[in-house]
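**Student:** just a sequence and a predicted model for now, questions to come.
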Amino acid sequence: MDEKTVAQSQTQQVQILMPGDINGYGRLFGGQLMEWIDVVAAVVARRHSNANVTTVAVDNLQFKAAAYVNSTVVLDGRMTYVGNTSMEVRVETFVEALDGSRELVNRAYLVLVALDEEEKPFPVPRLVCTTEEEKTEWDAGQRRRQLRSQRRREQF
């Protein structure tokens, strides 16, 4: 398949926070959340590319609120931008209250690359954006890609 929609690879993971997920301040350990984010992003990228993937960049990881033991945490991953072999994935993390309402805890953008059987970069399907939100995210993804490229050139 040479193109896919955002919906075709969208992924959601749900966790109930346990004591082992908590840091010394009684909040969700950031490293644990980063692991879950990386897994969700990999699932999104694998579904989009139909290939194994590797994470090459974590971009713009912002912690906005805390989560505590027994919280329900929902991670929502979706494709935002694709290049030839690379894919940008947005993962948003929410704390979900018992009434179903959600508070944004974290938003992260990750770049992953599809790999062939020899672990070489592999071309990925085009991304079809079907909503205005997806088109806006695509445009922002292009800008983030330019900024990442500029940072590499400047060794920043």
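**Tutor:** Looks like it arrived, so ask away.

**Student:** just the buried residues of the lowest-mean-pLDDT helix or strand in the chain, please?
**Tutor:** Least confident element among the helices and strands of the chain, by mean pLDDT, DSSP states H and E: strand 52-63 (a mean of 90). By neighbour count with 16 or more other CB atoms under 10 Å, strand 52-63 contains the buried residues Asn52, Val53, Thr55, Ala57. All C-beta spots, glycine's among them, are computed from the backbone N, C-alpha and C.

**Student:** mind checking how far that strand is from the chain centre?
**Tutor:** Relative to its chain's centre, strand 52-63 lies at 7 Å (CA atoms, centre = their mean, to the nearest Å).

**Student:** other SSEs contacting the helix or strand just after that strand?
**Tutor:** Later in the chain than strand 52-63, the nearest helix or strand by DSSP states H and E is strand 72-82. If contacts are counted by 3 or more CB pairs under 8 Å, 6 or more residues apart in numbering; DSSP states H and E, strand 72-82 sits against strand 11-16, helix 30-49, strand 86-96, strand 102-115, strand 126-128, helix 132-153.

**Student:** partners of strand 72-82 in the sheet?
**Tutor:** Its sheet considered, strand 72-82 pairs with strand 11-16 (antiparallel), strand 86-96 (antiparallel) by DSSP bridges.

**Student:** of all the ones you listed, which one is nearest Arg144?
**Tutor:** Nearest to Arg144 among the strands paired with strand 72-82 is strand 86-96 (6.7 Å), distances taken as CB to CB.
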